[in-house]
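**Student:** Starting from these lines, generate the structure:
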Amino acid sequence: MTKDRQSTGTSTPTKESVGFARSARSTRLRSRLQEYWDAFEVDWETTTQKGTAESSARLRAASFVPEGSRILDVACGLGTNSVCLGPRGEYFGTDIALNFLRHAPGGNLRLACSDGEALPFAAETFDAVISTYALEHCVEPVRFLREMHRVARRGGRIILLGPAWDFPFWYPNALLSKSGSFLWRAGYAARRAAGQLRAMLGGASPFMIIDEPDALTRPFVYDSDAVYVVWTYEVIRLMKEWGCRLIVAEADTPLLGENVLVRFGKRLLMKLPPYRFAGSTVLMVFEK
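**Tutor:** The predicted structure follows:
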């Protein structure tokens, strides 16, 4: 410690100390979310029906899994995907929440309680690695994606399906309690736009994380436990950096709104690469 630091009683944060603080914050958030999910009470029959209602999107995602594959479903929840993935090969599922795995449908499903950011499998074990409606719940999405990439074999498929909030002014229900303030919305959009612009100019991708999602303090609504504000562009960019080839990227509903001017503005933004796949639910398929 230098003399002037001793005299003032302060020190300049180092890269290591900042990294440690971020890691400690992530650990706390992950622990809180796991406790929340393990204590989550829900009408499990309704939850299963919801999975059935989304079957068209799940079937579309499953169609990119070659028949006869060894398949890993990361953050599988109730194992809903096993219905459409089981016939396509040998199905394995993992989830961090025992609460969900215990309520998985009967049968001979091979399920394991495991954090998607630290999968208990050797490298290049699976022909297809899929995750649906889960990436947005990852405290460290880069680690989650890296693990999916690691356990997929060379030439295998990596499939992601779920919500995205590509436009800088879009936000998940995890921030709904704050959205009533115009100043908050303006500040949020400005911060996201700045981070996205830096990434577009070659800087690091923001991978924005919500430290205090509404679900931890307020009554649950859909995706109020989301912590990663998914931006399709940065996910695709990262996977390409790791040598993956993008096969498919498509959104189901563009969410343009009813206002003519708003629709026109969003259509203009969607002509830009960072917002090309903006929509409600996005499917991304990569080949390693």
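**Student:** host element of Leu255?
**Tutor:** If you go by DSSP states H and E, Leu255 is not part of any helix or strand.
**Student:** Ok, Met148 next?
**Tutor:** When secondary structure is defined using DSSP H and E, the element that contains Met148 is helix 141-151.
**Student:** Please apply the same query to Glu35.
**Tutor:** Following DSSP H and E, the helix or strand that holds Glu35 is helix 15-38.
**Student:** list the helices and strands the helix holding Met148 packs on?
**Tutor:** For helix 141-151, the packing partners by 3 or more Cβ pairs under 8 Å, 6 or more residues apart in numbering; DSSP states H and E come out as strand 69-74, strand 126-132, helix 232-241. Bear in mind the C-beta positions are built from the backbone N, C-alpha and C, glycine included.
**Student:** Turn the ones you listed into TSV, including mean pLDDT.
**Tutor:** Shown next, in TSV, are those (pLDDT from 0 to 100):
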stretch	mean pLDDT
strand 69-74	97
strand 126-132	98
helix 232-241	98
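**Student:** I figured Arg60 was touching Leu283, is that so?
**Tutor:** Yes - taking Cβ atoms under 8 Å as the contact criterion, Arg60 and Leu283 are neighbours in contact, 6.3 Å apart.
**Student:** and for the two, which residues touch both?
**Tutor:** Leu161 (Cβ atoms under 8 Å, 6 or more residues apart in numbering).
**Student:** picking up where we left off before, and the helices and strands packed on helix 141-151: which comes nearest Ser55?
**Tutor:** With respect to Ser55, and counting by Cβ to Cβ, the nearest of those is strand 126-132 at 11.0 Å.
**Student:** That closest one pairs with which strands?
**Tutor:** The sheet places strand 126-132 alongside strand 69-74 (parallel), strand 152-163 (parallel), with pairing taken from DSSP bridges.
**Student:** ok now the last one, how far from the chain's centre?
**Tutor:** The offset between the C-alpha centroid of strand 152-163 and the centroid of the whole chain comes to 13 Å, using Cα atoms, centre = their mean, to the nearest Å.
**Student:** Compute the inter-axis angle for it and helix 232-241.
**Tutor:** If you take axes from the mean of the first three to the mean of the last three Cα atoms, to 10 degrees, strand 152-163 sits at 180 degrees to helix 232-241.
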